[in-house]
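Asker: Okay, structure incoming, though there's no sequence with it:
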């Protein structure tokens, strides 16, 4: 366990996580891949990414006023927790992307219309639509660099 020591609330404010930092939608493409092979590859990479661990930080605030220290530590811990969650999601995404690239898939951007269309579907139709993107002869969207 690592400790973060600070005086005051400035460090807590610096850890704010912005939703604007989220990745744009993407999908993996491999021409002619079979559904079974794709599902096996996705499951392998998901299992691998499930083992991601992030370091845990604890806020330790030092100062002359105990009440202010407690408030600062509480606020700081809240922002540290947000930061740890974001870091975990980032690492899982990196492991998944690297694993799929090692299996021969190319990461491609997903346009907004396709994303909305896929999000409206559920169950088998959603899986069918996604698989059409994954195994298409001519992929749509821009190739994304890892």
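Answerer: Happy to help now that I have it. Computed from a predicted model, the values in this text were never measured in an experiment.
Asker: going forward, measure contacts between C-alpha atoms and count neighbours the same way
Answerer: Fine.
Asker: those helices in this protein, which residues are they?
Answerer: Per DSSP state H, the chain carries helices over the ranges 10-14, 35-49, 66-102, 112-120, 123-135.
Asker: export those to TSV and tack on distance to residue 26?
Answerer: Shown next, in TSV, are the helices of the chain (distance: least, CA to CA, whole Å):
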stretch	distance to residue 26
helix 10-14	29
helix 35-49	14
helix 66-102	10
helix 112-120	9
helix 123-135	11
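Asker: Pipe the ones you listed into a markdown table and attach mean pLDDT per row.
Answerer: Formatted as a markdown table, the entries for those read as follows, by pLDDT from 0 to 100:
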| stretch | mean pLDDT |
| --- | --- |
| helix 10-14 | 32 |
| helix 35-49 | 89 |
| helix 66-102 | 83 |
| helix 112-120 | 89 |
| helix 123-135 | 87 |
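Asker: can you redo these as TSV with distance to residue 60 and mean neighbour count?
Answerer: Converted to TSV, the helices of the chain look like this (distance: least, CA to CA, whole Å; neighbours: other CA atoms under 10 Å):
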stretch	distance to residue 60	mean neighbour count
helix 10-14	11	14
helix 35-49	31	15
helix 66-102	6	17
helix 112-120	43	12
helix 123-135	47	15
